[in-house]
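> 3D, please:
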Amino acid sequence: MSSTASQPGALGGANGGSPDGASPAVPLALDGVAAPERRDIMRWSCGTLNEHWYVAALSRQVTGKKPFASTVMEEPLVLFRGADGGATALRDRCLHRNAALSGGALFDGCIGCPYHGWTYDATGACVVVPSEGPGAAPRVGRRVQHFPTVEQDGLVWVYLGEPPNAAAAPAPYRFPHAGERGWRSYVMLTPFDGDVTDLVENFMDVPHTAFVHAGWFRKAGTGKKAEVTVERTSDAVHVEYFQPDDSIGFSRWLLNPDGKPMTHTDRFYMPNVTRVDYMWGERRGFVISSQITPVGPDRALVYTYIAFRFGVFNPVARALLPAYTRVVIDQDVRIMANQTANLRRFGGRRFHGTAADLIHRAIESLRDHAHGGGRGPAPEPFQTRISLWM
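Residues are numbered from 1 along each chain as shown. The predicted model follows:
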């Protein structure tokens, strides 16, 4: 937070500003636009983790009729569609008296503040100040911070790093099989307690399924030994499981009527995406992609994209899978709330592990290095094989 904002009277004197009524001095970038604030929020205290794209909304949530409020890394955003129909994201704060723009109105591709009517276009430029009279040109430099956005696969992504760096950032994750012939898909949106690393580990973890998802995935006491390959690259972790006769839930009677062996692979992509594939031969299977948007340090919104292909059984799967996945996701919500509350209660982590936790350690190493700003040697790529019971 800037030094002026933390001092008594920093909002201005009797006129709320400098003696001539102008706004208090704000640091400017080279182009004369207000430089991004370095407030004490997650966005600016997470190393290089902000230098990526994060989902801020579903496409259908962003309209030209009503502003949509979202929070990513403790940065409040307001999203709407500009005059060209494209999605835009601005900081959710009017320049004037700092009211939330998300409580305002949309018109002509612009957003108007609900307090005094200051109006901003889709780039964040202030285009109307009603108190200055009809037709008055707003002063140069009055601009709400605009965030780079990308819209794809029915989602709106925002970039949280320094805006000029967005072009060089890794592209947003593409959800597999989106729009492919023979594949159907749906999206589920779920609030979770937990930081991104803990949630990634939960979504990539197999041993917990016999306990948290007993009867829905696997059953405790019926475990079998499995061979697992684990590979860490510079920005991902890939896991493949080898277990004879492995199956999940109701797969035998609905998902796998031909009795094909199931192949199971898990992937983590920096900084916040997991992909879990279950396939029965080449023609049947489903893929679960989870994009984790950190709302704050231990609170997240998870966008789960489920794509599936079961041939003539696609309509049946479309009718049954959403209810099934909702039950399973809600079971994870409860166990992550349990873990997160206990981590808060004890003030941190004191994890102990086994060979099965090599997957967790591989994920943690990549995220910890990025959280530290990328300083020091990067985690080295490796590939190995472990055994575990599941």
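
> remind me, longest helix of the chain?
helix 314-346 (DSSP state H).

> That helix packs against which elements?
Judged by 3 or more C-beta pairs under 8 Å, 6 or more residues apart in numbering; DSSP states H and E, helix 314-346 is in contact with strand 184-193, helix 196-204, helix 209-212, strand 284-296, strand 299-309. (Glycine included, C-beta is placed from N, CA and C.)

> Now the fourth one: buried residues?
Just to be clear, that refers to strand 284-296. For strand 284-296, a neighbour-count test (16 or more other C-beta atoms under 10 Å) marks 284-295 as buried.

> Now tabulate these in CSV and tack on distance to His264.
Below are the buried residues of strand 284-296 laid out as CSV (distance: C-beta to C-beta, whole Å):
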residue, distance to His264
Arg284, 14
Gly285, 10
Phe286, 11
Val287, 11
Ile288, 11
Ser289, 15
Ser290, 16
Gln291, 20
Ile292, 21
Thr293, 26
Pro294, 27
Val295, 30
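
> residue contacts, Asp153?
174-175, 178, 305 (C-beta atoms under 8 Å, 6 or more residues apart in numbering).

> Minimum pLDDT in those, which residue is that?
Within the contacts of Asp153, the minimum per-residue pLDDT falls on Ala178 (91).

> I'd like to know how many residues surround that one.
Per other C-beta atoms under 10 Å, the neighbour tally for Ala178 reads 14.

> which residues sit in contact with it?
Contacts of Ala178 by C-beta under 8 Å, 6+ apart are 153, 185, 305, 307.

> let's see it at 10 Å
Neighbouring residues of Ala178 by C-beta atoms under 10 Å, 6 or more residues apart in numbering: 152-154, 185, 289, 305, 307.

> Which of the three states applies to it?
Put simply, Ala178 is coil when judged by DSSP: H, G, I helix; E, B strand; the rest coil.

> That one and Arg184, how far apart?
Here Ala178 is placed at a distance of 11 Å from Arg184 (C-beta to C-beta, to the nearest Å).

> Can you check which residues contact both of those two?
With C-beta under 10 Å, 6+ apart as the test, Ala178 and Arg184 both reach Ala307.

> Which of the helices and strands in this protein ranks last by mean pLDDT?
helix 209-212 (a mean of 89; mean pLDDT, DSSP states H and E).

> Follow the chain on from that one and name the next helix or strand.
With elements assigned by DSSP states H and E, the helix or strand that comes after helix 209-212 is strand 225-232.

> Grab the two from the buried residues of strand 284-296 that are most spread out in space.
Arg284 and Val295 (35.9 Å; C-beta to C-beta).

> In three-state terms, label the residue nearest to Thr263 when sequence neighbours are not counted for me.
Excluding its sequence neighbours, the residue lying closest to Thr263 (C-beta to C-beta, 6 or more residues apart in numbering) is Met279, at 4.8 Å. With three-state DSSP as the basis, Met279 sits in strand.

> From Tyr241, how far off is the residue nearest to the spatial centre of the chain?
Computing the C-alpha centroid of the chain and ranking residues by C-alpha atoms, centre = their mean puts Thr293 first, at 2.1 Å. For Thr293, the distance to Tyr241 equals 28 Å [C-beta to C-beta].
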